[in-house]
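> the following block contains a protein sequence and its predicted model.
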Amino acid sequence: MKPWQIVWKSLRQHWLSTSLAVLSIALGTSLLISVVSLREQAHRYFTRVGLGVDAVLGPKGSPLQVVLNAVYHLEEMPGTIPWIYFKQVLEDPIVAEGIPFCTGHSFAGFRVNAIDRSFLTDFEYLPGKRLSFEEEQGGRGRPFSSPDEAVAGWIVAKELGIELGSTFNPVCGVRAGDPVHMNDSKRFVGILAPTGTPHDRAIYIPLNAFYTLEGHGSDVAAMAVDEEYREISGAYLKIKRVRGGAVHPGIQNLSYAVKQSREAQLVVPNEVLPRLFAITGWADRVLLAIASMVTLLAGAFVFVALFSALRERMRDIALMRSLGATRRLVFGLTLTESVLITLSGGVVGWLLGHGFVGIGSHFIQVETGLRFSAGYLSQADLLLLPAMVAVGLLTGILPAVQAYRLSVIKILVPIS
């Protein structure tokens with residue numbers, strides 16, 4: 001009988017303990033794979049070059065709240081800023097472009113943002129990539145051109161079954177039960193092509209349409225024509241580049257100058273979001289620690305299973321030795337069995353882990369608009385194979401040594 005047949009026969013004979021060992025390894029591995037994958041993808045999305053936004057001009061308050069509302073359509077803006085001050089910031093020599101917006105409305109669980117039309121035509125959500133309505137890319141229709149028109153992000157259109165010509169009435173607020181603007185119907189004239197960013201999960205209406213919505217009162221309605229009293233929730237700022245494509249270093253001076261004012265603050269997403277991960281990093285570490293403990297316990301289970309199997313097979317091993325099997329062969333067979341168990345558990349765990357990421361990515365996309373991929377290869381994926389081999393060797397080394405030192409004479413002595 002060939003060595004691999006001996007190993008296979010041993011695994012089959014002890015199928016229950018083998019299956020439990022594989023399952024234990026798989027559970028620990030799947031948890032590690034999914035946690036690391038989601039963590040790395042979250043870092044990649046939340047810290048990459050601001051989704052086209054170099055800086056957000058927002059009201060005084062929490063910088064994180066400003067970024068979450070402006071860039072990720074979460075939370076609420078802590079206030080407003082004067083239109084006149086926004087125009088003053090635009091005059092700074094390092095500011096290349098500014099796109100004002102007003103938030104605070106919703107429809108069917110999605111945010112409705114009033115925004116300048118240039119957002120739909122000139123805004124780059126990634127370097128060199130603009131929002132598109134091209135059918136070849138998954139979009140339809142055109143940008144809005146009148147106050148009663150609207151544009152839907154790709155996820156919004158998909159989730160709500162929106163078609164060109166569909167209408168809706170914005171909700172004045174973002175919570176369930178907030179009043180609806182019953183006499184302000186908006187018609188969808190465009191659906192944006194998917195971008196894989198939070199911009200896919202919002203509805204956009206013309207900026208001036210925000211001020212004229214019924215129920216806002218005459219003071220707000222006057223803002224549509226009187227810039228002296230007009231207010232906005234914030235603005236996306238594009239900063240000029242210097243050599244190498246780096247953001248102009250003068251952004252720090254601009255940020256300081258704005259901070260000294262009473263009207264607003266300048267928030268750089270790439271500076272704020274890493275702080276969020278620094279605050280929540282303990283949760284990642286706890287999950288990774290739990291996954292590591294599960295994997296170690298699974299390794300201990302493999303160790304116990306191999307020892308139990310060795311005690312049951314002592315006479316078989318002794319017979320093999322008496323028939324010519326060397327100590328090295330017996331040692332190698334035991335180690336191979338251990339490595340096969342851990343590798344099998346690793347493969348099953350790898351598949352389960354990416355399956356969990358695939359399931360979780362759907363809910364993440366619904367809530368945040370970020371498109372995570374089940375096929376993303378993290379550091380855990382790259383280290384999985386050598387790690388499983390190492391675990392197999394460590395858990396199998398002691399049983400293998402025991403098999404190596406087995407005394408043939410003592411085991412095969414006749415029992416009277």
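Right, received. Where do you want to start?
> quick check: domain ranges of the protein?
3-45+282-412, 55-267 (automatic domain parsing).
> any chance of the ones you listed in a markdown table, plus mean neighbour count?
Quick note: C-beta positions are derived from backbone N, CA and C, even for glycine. Formatted as a markdown table, the domains of the chain follow (neighbours: other CB atoms under 10 Å):
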| stretch | mean neighbour count |
| --- | --- |
| domain 3-45+282-412 | 18 |
| domain 55-267 | 18 |
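> go through the ones you listed and find the least confident stretch.
When those are ranked by mean pLDDT, domain 3-45+282-412 comes last with a mean of 73.
> so T29 sits against G349, correct?
Yes: T29 sits in contact with G349 when judged by CB atoms under 8 Å, with a separation of 2.6 Å.
> still on that earlier bit, turn the domains of the chain into JSON lines, including distance to L273.
Output for those, formatted as JSON lines (distance: least, CB to CB, whole Å):
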{"stretch": "domain 3-45+282-412", "distance to L273": "9"}
{"stretch": "domain 55-267", "distance to L273": "7"}
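> could you pull out the strands for this structure?
55-58, 81-82, 95-107, 110-115, 124-126, 129-130, 140-141, 149-152, 167-168, 186-191, 202-206, 231-232, 234-239, 265-267 (DSSP state E).
> output the contacting helices and strands for the last one.
The elements that strand 265-267 packs onto, with contact taken as 3 or more CB pairs under 8 Å, 6 or more residues apart in numbering; DSSP states H and E, are strand 55-58, helix 63-72, helix 251-260.
> would you turn the ones you listed into JSON lines with distance to A114?
Output for the helices and strands packed on strand 265-267, formatted as JSON lines (distance: least, CB to CB, whole Å):
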{"stretch": "strand 55-58", "distance to A114": "15"}
{"stretch": "helix 63-72", "distance to A114": "13"}
{"stretch": "helix 251-260", "distance to A114": "22"}
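> mind checking the ones you listed for the one nearest to P206?
helix 63-72 (18.0 Å; CB to CB).
> using CSV, write out every CA atom in the closest one.
Output of helix 63-72 as CSV, limited to C-alpha atoms (Å, rounded to 0.1, in the frame of the first residue of the first chain):
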residue,chain,number,x,y,z
PRO,A,63,-15.4,67.3,11.3
LEU,A,64,-16.3,63.6,11.1
GLN,A,65,-20.0,64.4,11.0
VAL,A,66,-19.4,66.9,8.1
VAL,A,67,-17.4,64.3,6.1
LEU,A,68,-19.9,61.5,6.8
ASN,A,69,-22.8,63.7,5.6
ALA,A,70,-21.1,65.3,2.6
VAL,A,71,-19.2,62.4,1.2
TYR,A,72,-21.0,59.3,2.5
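> and the angle for that helix with strand 234-239?
Orientation note: helix 63-72 sits at an angle of 80 degrees relative to strand 234-239 (axes from the mean of the first three to the mean of the last three CA atoms, to 10 degrees).
> show me what helix 63-72 is packed against.
Counting by 3+ CB pairs under 8 Å, 6+ apart, helix 63-72 packs on strand 55-58, strand 95-107, strand 234-239, strand 265-267, helix 269-312.
> and the contacts of the fourth one?
Taking contacts as CB atoms under 8 Å, 6 or more residues apart in numbering, the residues outside strand 265-267 that touch it are 55-61, 63, 66-67, 89, 237, 251, 254-255, 258-259.
> cool, the third one as well?
With CB under 8 Å, 6+ apart as the contact definition, strand 234-239 has outside contacts at 52-59, 66, 69-70, 77, 81, 86, 89, 94-101, 103, 119, 123-124, 247-248, 251, 266.
> nearest to P170 among the helices and strands packed on strand 265-267 would be which one?
Across these, closest to P170 is helix 63-72 (CB to CB), at 16.6 Å.
> just how off-centre is that closest one within its chain?
17 Å (CA atoms, centre = their mean, to the nearest Å).
> by how many degrees do it and strand 110-115 diverge?
If you take the same axes, to 10 degrees, helix 63-72 sits at 90 degrees to strand 110-115.
> which residue is the nearest non-sequential neighbour of E134?
Closest residue to E134 apart from its sequence neighbours, by CB to CB, 6 or more residues apart in numbering: A193 at 6.1 Å.
> can you report phi and psi for the one you found?
Dihedral pair for A193: phi -70, psi 150, per degrees, to the nearest 10.
> would you confirm that it contacts Y125?
No: in terms of CB under 8 Å, A193 does not count as a neighbour of Y125; the distance is 10.8 Å.
> identify the contacts common to those two.
With CB under 8 Å, 6+ apart as the test, A193 and Y125 both reach L131.
> residues contacting the residue nearest to E134?
Applying CB under 8 Å, 6+ apart, the residues near A193 are 131-134, 137-139, 154.
> now, which of the residues you listed lie within helices?
W154 (DSSP state H).
> from memory G396 sits against L333, does it?
No: under the criterion of CB under 8 Å, G396 is not in contact with L333, lying 10.1 Å apart.
> G139 and S30: what is the separation?
Distance from G139 to S30, counting by CB to CB, to the nearest Å: 37 Å.
> for E97, that is, sorry about that
Relative to S30, and taking CB to CB, E97 is found at 45 Å.
> before we move on, what about Y211?
52 Å.
> same question for N270.
For N270, the distance to S30 - CB to CB - is 32 Å.
> need the CA coordinates for stretch 73-85. CSV is fine.
Written as CSV, here are the backbone C-alpha positions of stretch 73-85 (Å, rounded to 0.1, in the frame of the first residue of the first chain):
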residue,chain,number,x,y,z
HIS,A,73,-24.6,60.5,2.8
LEU,A,74,-24.7,59.5,6.5
GLU,A,75,-25.5,61.5,9.6
GLU,A,76,-26.7,65.1,9.4
MET,A,77,-24.9,68.4,8.9
PRO,A,78,-24.4,70.3,12.2
GLY,A,79,-25.5,73.6,10.6
THR,A,80,-25.3,75.8,7.5
ILE,A,81,-22.8,78.3,6.1
PRO,A,82,-23.4,81.6,4.4
TRP,A,83,-23.3,81.7,0.6
ILE,A,84,-21.3,84.8,0.6
TYR,A,85,-18.6,83.2,2.7
